[in-house]
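Visitor: fold the stuff below for me.
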Amino acid sequence: MASLRKDFLILDPSDQLSIVQQIIKELKHDSTAKHSKATSDHEEHVVQHKKRANTDDYELMDDEKPKSIVGYINRCKDDGKRASAINTRDITNLQEKFKHKIYFLYENKCKLEHKVDFGELLLKMKG
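Guide: Numbers count the residues shown, from 1 in each chain. From the prediction side, this is the model:
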């Protein structure tokens, strides 16, 4: 099959879910580390205000269910859309932007670790 190493691993749905959960955990850790650097009450207040005002990724991580993100990834692949091919300027919904961010990180992680899901196998056969 095109561009697959001989030692590639096929992911089942539970593997996909684990990878998405791991990515979210890493993002949450990165976001928490950024927000915990405030040294005064005033700085902490500013950080909290920015989090609420921007509805940043950290808040979306608590709202978005990993299974719905896996579903988003699978739907994109079923439609023949890789993360890099999706124009993010067309995405106006914050939850969809967050799902796309996870999809992008998921694709990169799978590529680096030589892992493919069923949708990826189909994309590789088409293309």
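
Visitor: against Q22, how distant is P13?
Guide: 15 Å (CB to CB, to the nearest Å). Backbone N, C-alpha and C define where each C-beta goes, glycine included.

Visitor: go on, D79?
Guide: 25 Å.

Visitor: and the two? Which one has more around it.
Guide: Remark: of D79 and Q22, Q22 carries more neighbours, 14 against 9, as counted by other CB atoms under 10 Å.

Visitor: ok so that one is a strand residue?
Guide: No: with DSSP: H, G, I helix; E, B strand; the rest coil as the criterion, Q22 is assigned helix and is not in a strand.

Visitor: what pLDDT does the most centrally placed residue in the chain get?
Guide: Geometric centre of the chain, nearest residue: I102, 0.8 Å, by CA atoms, centre = their mean. Looking at I102, its pLDDT reads 96.

Visitor: what's near enough to touch the closest residue to it other than its chain neighbours?
Guide: Nearest non-adjacent residue to I102, counting by CB to CB, 6 or more residues apart in numbering: I69, 5.1 Å away. I69 makes contact with 20, 24, 99, 102-103, according to CB atoms under 8 Å, 6 or more residues apart in numbering.

Visitor: name the SS class of I69, please.
Guide: helix.

Visitor: gap between it and K101?
Guide: 10 Å.

Visitor: over to S3?
Guide: Counting by CB to CB - S3 and K101 are separated by 24 Å.

Visitor: more crowded one of those two?
Guide: Neighbour totals were compared for S3 and K101, and K101 leads with 18 against 8 (other CB under 10 Å).
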